[in-house]
Structure formats: C-alpha cells, structure tokens
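**Student:** what would the 3D arrangement of this be:
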Amino acid sequence: MVLLALSAGIGLNAAVFALVETSWFRPPVENDPASFVRVIPSYTGWSSTEKSFPTFTVNDYEAFRTRARSLQKVAGYNWILRAPLDDDLPKVGVRLVTCNYFDVYGWGPPVKGRLFLPEECASPGSAPVAVITEGLWRDRYSSDPHIIGRVLRIDHHPFTVVGVLDVHVQTWMRGDLWVPYTMQAELWGGYDAFQHSDYPFLFVAGRLKPGYSRANAQAELKSIENQQDRAVPGRKTALLVTNGSMIQDPDARPLGLTIIPLVMGPMALILLVACTNVTMLLLSRAAERRGEIAIRVALGAGRRLDLALGDYLQSLGDKRPLTRTVEERRIAHDPQLGPGVASSISQLRLTRNAIAHEQIMLATSDAVAYAEAALRMIGKLARRNSTQLDRDQ
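**Tutor:** Next up is the predicted model:
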C-alpha cells in the first residue's frame, strides 16, 4: 500500500512535469539544442499593428543569413494554420519554410524522396513542391509507394510531393506538410509579401557557430537590424535571442505562467495527499504495534540471552546484578528518554519475567522429555541384548 501510494503520486507528477517541460521549457530540437536560437523582434514607431509582428521581412532575413558571423545557419518559416488538402476534409497544417529549414532543425534524412533544393527557394512562385510527414503519408495515402511525384492540391493549388519526412520531435511547429516560403502568395490568397519589402512574415531561427553565445549573436544581430531600420522610415527594432522554448517567447510566456501553475498546482496537491496517506498509514501501524514494540523492548529483543536469564534468576531470589546492554545504559542516563522508557520497562517487567520463566521451563521440559526417550531407548536395547545372550547360551 505504501509503495502503491508513493508510486501513484510520484509517477503522475513525473509524467505531467515531463510533458510541461517538453512543451514549455525545452528547445524544439533534439540535435544539439545548445546551439539552437530563435530571434524575436519587437518594433516601435512603425505602425499601429507593430505589436502583432514577432516576424521579420524578407530583407531582414537575407541580411541575417548573409552578414551574421555568429550564426552558421539561418532559417525562416511561417505557417498556415489549416488548409484543405485535395479539396477534402479534414484540413492539414501547412508550413512555409526556407529551403535550409530542415537542416537548421536537424530533421532528416527523408524516408522517401528528398528535401528542398536551394534553387527551389530562389524566386517567388517558381517551385510548387511539397514535403509531407510520414504520418500523413501513412494515414491519408495508405503508405502509397508511388507518393513521390504525386500532385496534391493544397488550398486548391497543385503541389508535387518530392519527399516524405519522419519527424520524431512532438512540437506545435511541426505541421503535416511543408512548402517553400517562395510559394507564400499562392497560399495567402494572392497577397505577395515579396512585393512588399516592409511586410514582416518570417519567423527566424538559426544555429550558433562554435565559440559564440546567444549574447554574442544578439549583439551582432542588433547591429545588423539597426542598419535595416534605416530602410523603413520610423521603424526601430529591439531583438531577443532565445533558446527557442515557448517560455522564453514574450508572447507565449504570460499564457505559460498561467497554465503551468494551474497544471502543476493540482499535481503538487496529489503528491501531498499521497505523502500524507503514507504518513498516516505508517503512524497507524506504529500505533497498532505499540504494545508489541513495548513488550519487545522490555524483553530485550535482539539483545543477549543472559539478560533474560539474569532476570529469571533474580525472580528466583538471586541477588546478583542484572547484565545490562549498552542500549539500557544509554536509556538510563538519558534525561529525556530515561524516565518514560524506564517506566514502561518497569510496568512490563513481570510480563518479561513470566515469559522468560516460561521459556526456560519449556526448554527444561523438552530436555527432560529427550532424556526420558533416550533412557527408554537404552532400556529397550539392553533388554534386546539380554534376550539375545540368553538365546545364545
């Protein structure tokens, strides 16, 4: 029961904590998470909707990609929450990504086909291709062995499947399929962000070069972004470089600080209840065995046999002092434990003497019985030998 209560409390808390830690505190990558960064901008003096843009323009992304020395890889991405696939329901999650997106996130190699080529992100609208997840391939297309080259209709636009990717990381950024970010206009209702250089639509992530820290990257990217601000009248940009976890995202953090206590608070109460149950169970067992433990202490359980024998001899009138153990000497000289324990022992001394007397009497009666049996056997053998001798004569 004790193990069951502790296992339930600790196991449930560990499972929930692992889920919260994976969702909120861990970078969305498995391969070398220490080098992963996400760059988050904050605009001022630009437009009335500036606070709703945690994204960069295409020109900002290109400036980071070509001029940042602290980053060895820089990727951009955005998403369409849900889009119809082959004009059927249910809708699927679509991600617009740069062609090095999979390399930055450490996803690959593909199960079938290939990932995006650099030239497929060279110019807007030039590469209507897609990479789908293994789950979508298996569930929606029954693991069709001829899926490579098949034309899918995403939001009523044709895209050719070039690869199938198995993504093990469970992240809200994963999606069901990916298309090059240069196909943005086709999936955004015709609005072409490439024709509006001041429109931010790309989230930016990257990988640090060896020897550089996130603070180094933030300082360098801030300098690059200050130069980019001159191209947009009135815009001033502040940057934050994070490890990519949701708890470090300024937009998601308030929600996390609300959800995490709501989830972990009840879990802590469950663990507290489990520990309380274990404590009460142990206390109840101790209370039930209080008399037994007192008798065991009074009888010197686990101590030398000469203590019981000395008490027995003293009860028969022998005035020799009792043999006392080290524990008894400590109790006798302890001002806190001595009086209470000595009182308990004195109250149970008659019981101890009676039990010791009974044990010795039983041992004596057993010895007498064995002796009588031995004498009977000896008598039988003697009579048998005497009879044998009489026959021989």
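**Student:** only C-alpha atoms for contact and neighbour calcs from this point on.
**Tutor:** OK.
**Student:** ranges for the strands of this structure?
**Tutor:** Taking DSSP state E as the test, the strands found in the chain are 36-44, 71-85, 88-97, 112-113, 129-133, 151-154, 157-165, 177-180, 203-208, 236-242.
**Student:** dump those to a markdown table, plus distance to Gly256.
**Tutor:** Below are those laid out as a markdown table (distance: least, C-alpha to C-alpha, whole Å):
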| stretch | distance to Gly256 |
| --- | --- |
| strand 36-44 | 17 |
| strand 71-85 | 21 |
| strand 88-97 | 23 |
| strand 112-113 | 37 |
| strand 129-133 | 28 |
| strand 151-154 | 33 |
| strand 157-165 | 30 |
| strand 177-180 | 27 |
| strand 203-208 | 20 |
| strand 236-242 | 16 |
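**Student:** just give the nearest non-adjacent residue to Gln218, would you?
**Tutor:** Leaving out its chain neighbours, the residue that sits closest to Gln218 by C-alpha to C-alpha, 6 or more residues apart in numbering is Val241, at 5.6 Å.
**Student:** so the one you found versus Arg65, what's the distance?
**Tutor:** Distance, Val241 to Arg65, using C-alpha to C-alpha, to the nearest Å: 15 Å.
**Student:** the more surrounded of those two?
**Tutor:** For the pair Val241 and Arg65, the greater number of neighbours falls to Val241 (22 against 18), based on other C-alpha atoms under 10 Å.
**Student:** return the distance of Pro54 relative to Arg114.
**Tutor:** For Pro54, the distance to Arg114 - C-alpha to C-alpha - is 31 Å.
**Student:** tell me which of the two has more neighbours.
**Tutor:** Using other C-alpha under 10 Å as the criterion, Pro54 and Arg114 rank with Pro54 on top: 20 against 16.
**Student:** any idea of the pLDDT on that one?
**Tutor:** Pro54 carries a pLDDT score of 85 in this model.
**Student:** that one contacts Tyr77, correct?
**Tutor:** No. Using C-alpha atoms under 8 Å, Pro54 is not in contact with Tyr77, being 11.9 Å away.
**Student:** need the overlap of contacts for those two.
**Tutor:** Counting by C-alpha atoms under 8 Å, 6 or more residues apart in numbering, the residues touching both Pro54 and Tyr77 are Phe203.
**Student:** what sits against the closest residue to Trp107 other than its chain neighbours?
**Tutor:** Nearest residue to Trp107 in three dimensions, chain neighbours excluded: Val167, at 6.5 Å (C-alpha to C-alpha, 6+ apart). Neighbouring residues of Val167 by C-alpha under 8 Å, 6+ apart: 107-108, 133-134, 174.
**Student:** what's the closest of those residues to Asn13?
**Tutor:** Taking C-alpha to C-alpha as the measure, Asn13 lies nearest Arg174 of the contacts of Val167, at 26.7 Å.
**Student:** pLDDT on stretch 3-20, on average?
**Tutor:** Stretch 3-20 comes out at a mean pLDDT of 79.
**Student:** could you do stretch 205-217 as well?
**Tutor:** 96.
**Student:** grab the CA positions of it and hand them over as CSV.
**Tutor:** Extracted in CSV, the C-alpha atoms of stretch 205-217 (Å, rounded to 0.1, in the frame of the first residue of the first chain):
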residue,chain,number,x,y,z
ALA,A,205,15.8,30.6,-36.2
GLY,A,206,19.4,29.5,-36.6
ARG,A,207,22.4,27.7,-35.2
LEU,A,208,25.3,29.3,-33.4
LYS,A,209,28.8,28.9,-34.7
PRO,A,210,31.2,27.2,-32.3
GLY,A,211,32.7,29.7,-29.8
TYR,A,212,29.7,32.1,-30.0
SER,A,213,27.0,32.5,-27.3
ARG,A,214,23.4,33.8,-27.6
ALA,A,215,24.5,37.1,-26.1
ASN,A,216,27.1,37.4,-28.9
ALA,A,217,24.5,36.6,-31.5
